[in-house]
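Enquirer: Here's a sequence, model it:
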Amino acid sequence: MTEDLKERGRKHITPALVFHTDIEVRKAYGIHVEGSDGKTYMDFSSGLATVNIGHCPPEVLEAAKRQMDSLVHSGCIFRYSSEVELAERLSRITPGSIDMFFFSNSGAEAVEGAVKLARYATGRQGVISFIGGFHGRTMGALSITTSAARYRQGFHPLVPCVYHAPYPYCFRCHMGLERTTCATDCLEYLERILRYQITPEEVACMVIEPVLGEGGYIVPPADFIQKIRDLCSKHGILLIADEVQSGFGRTGKWFASEHFGLEPDIIVMAKGIASGFPLSAFGASAALMSKWSPGAHGTTFGGNPVSCAAAVATIDKIEKDRLLENAAAMGGYAISRLLEIKNRNKGIGDVRGLGLMIGVEFIKNDGSADKERLESVMNRCLDNGLVIIECGIDKNIARIMPPMIVTRQEIDKALSIFEEAVR
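Expert: Take a look at the predicted model:
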């Protein structure tokens, strides 16, 4: 990164934003980013799991350009085809009976809308989310976010009537138990919330990431998600699946919920939906959406015509090139390679994931989190042309999340760099 650009940014870009690298991008394409330093990097961050089909995919850019030639903005004044076509396409790929959508700009905004819908439709106020979950940084989304206390620091009081239950992090069980019983105890804790803190009849919704994202790339036991579904159905509580990071093929299926046979009442999506164009959505059945009265929610920029056109082209590309299958196959291959690396390096405590949403947890000899080791690994990877980023409360978990177009040869090259950095 040129010092001039860095200094200009320091003067006028808020320090609240934290950049993972100082690479000044000249051009990005596929899984690669060219920097002003003359180096080409393999981007295994996918722009925070957003450019799922790679940087600047030509098909998406062409669709966006065609839309820009006719209409760039509507603001709910005019009707246009790209929004309706996208909603129709989403109704075919989302799980269960979800067939109606509200379009927004960001994941946090979509989460806010989903919770508003749940409260409005049920007439209840309580919200339960899960410890470690990240749902955004606007005040409502932040109130249900518990991936790190530092995100909430300085913003209290947050939105009331929000409760938090443990998410099954079996490698570091919240209850200090073994993997075989961890999920059961997490569920029992949730049931105690419904006995001691708020009655089920007062709870509008539970919000859960089917695979934990910012909180550590944690895959829960298979029966945990289904038991949450059963509990919600029993008490008339709406279940919101936050698929902002896990959606649009990242896990080898359109949505991570599908791995668990989960049919949520409301689904939230963003990031990979439009290959980097700002867009998010939450969806529900028409019967549930119809409980909202006209004007109960709104947006100026949500469902932007250009972003919707980009999203339709993104779905086309995923289907045409069978990228769900590629994400599943390449993810399985990457996990097998990473497990081999783990077996050769005691500093890696766990490898976990679904598809190309993979977490590698670094530990010290006593089993505690090793943030410093991962920092060193990431820096050495960067020096050798590989971009990876971290997650987890202790920032000791490497996220391996390349675009879904990644090849076996590219995974081999990246993981060779990674293993060399680990040594």
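Enquirer: Distance of R66 relative to R10?
Expert: 38 Å (CB to CB, to the nearest Å). C-beta: built from backbone N, CA, C; applies to glycine.
Enquirer: tell me the helices in this structure, going along the chain?
Expert: 3-12, 46-49, 58-68, 81-93, 107-122, 139-143, 149-152, 179-196, 222-235, 286-289, 305-320, 323-344, 371-383, 408-422 (DSSP state H).
Enquirer: closest to P402 out of those helices?
Expert: helix 46-49 (6.3 Å; CB to CB).
Enquirer: which residues touch the closest one?
Expert: Defining contact as CB atoms under 8 Å, 6 or more residues apart in numbering, one finds that helix 46-49 is touched by 52, 55, 213, 245, 250, 271-272, 276, 357, 389, 401-403.
Enquirer: and which of the residues you listed is nearest E34?
Expert: H55 (10.1 Å).
Enquirer: is it true that that closest one touches E34?
Expert: No: counting by CB atoms under 8 Å, H55 stays clear of E34, with 10.1 Å between them.
Enquirer: between the two, who's got more neighbours?
Expert: Between H55 and E34, counted using other CB atoms under 10 Å, H55 has the larger neighbour count: 21 against 16.
Enquirer: which residues touch that one?
Expert: Per CB under 8 Å, 6+ apart, neighbours of H55: A28, Y29, G30, I31, H32, V33, D43, G47, G276, P403.
Enquirer: Quickly list what the fifth one is bridged to.
Expert: Beta bridges link H32 to Y29, M42 when assigned by DSSP bridges.
Enquirer: what about it, how many neighbours?
Expert: Using other CB under 10 Å, H32 has 16 neighbouring residues.
Enquirer: again, but for the third one
Expert: Here the neighbour count serves as a burial measure; for G30 (other CB under 10 Å) it reads 18.
Enquirer: nearest to F101, of the helices of the chain?
Expert: Nearest of the helices of the chain (CB to CB): helix 81-93, 4.8 Å.
Enquirer: So which elements touch that closest one?
Expert: Under the contact criterion of 3 or more CB pairs under 8 Å, 6 or more residues apart in numbering; DSSP states H and E, helix 81-93 touches strand 100-104, strand 280-284, helix 305-320.
Enquirer: contact partners of the longest one?
Expert: By CB under 8 Å, 6+ apart, the residues outside helix 305-320 that reach it are 52-53, 57, 59-60, 62-64, 66-68, 71-74, 80, 82-83, 85-86, 89, 93, 103, 248-249, 272-279, 323-324, 404.
Enquirer: Selecting buried members of those in PyMOL, what would you type?
Expert: If you want just the buried ones from those in PyMOL, going by 16 or more other CB atoms under 10 Å, the selection is:
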select buried, resi 52+53+57+59+60+63+64+67+74+80+82+83+86+89+93+103+248+249+272+273+274+275+276+277+278+279+323+324+404
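Enquirer: hmm, back to that, just the buried members of the contacts of H55?
Expert: The buried subset of the contacts of H55 (16+ other CB under 10 Å) comprises A28, G30, I31, H32, V33, D43, G47, G276, P403.
Enquirer: hang on, the earlier thing: which of the contacts of helix 46-49 lies closest to T184?
Expert: Looking across those and measuring by CB to CB, the closest to T184 is G213, at 23.8 Å.
Enquirer: what's the domain layout of this protein?
Expert: Structural domains assigned to the chain are 3-56+322-422, 60-320, following automatic domain parsing.
Enquirer: Could you export the ones you listed as TSV, including mean pLDDT?
Expert: Below are the domains of the chain laid out as TSV (pLDDT from 0 to 100):
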stretch	mean pLDDT
domain 3-56+322-422	96
domain 60-320	96
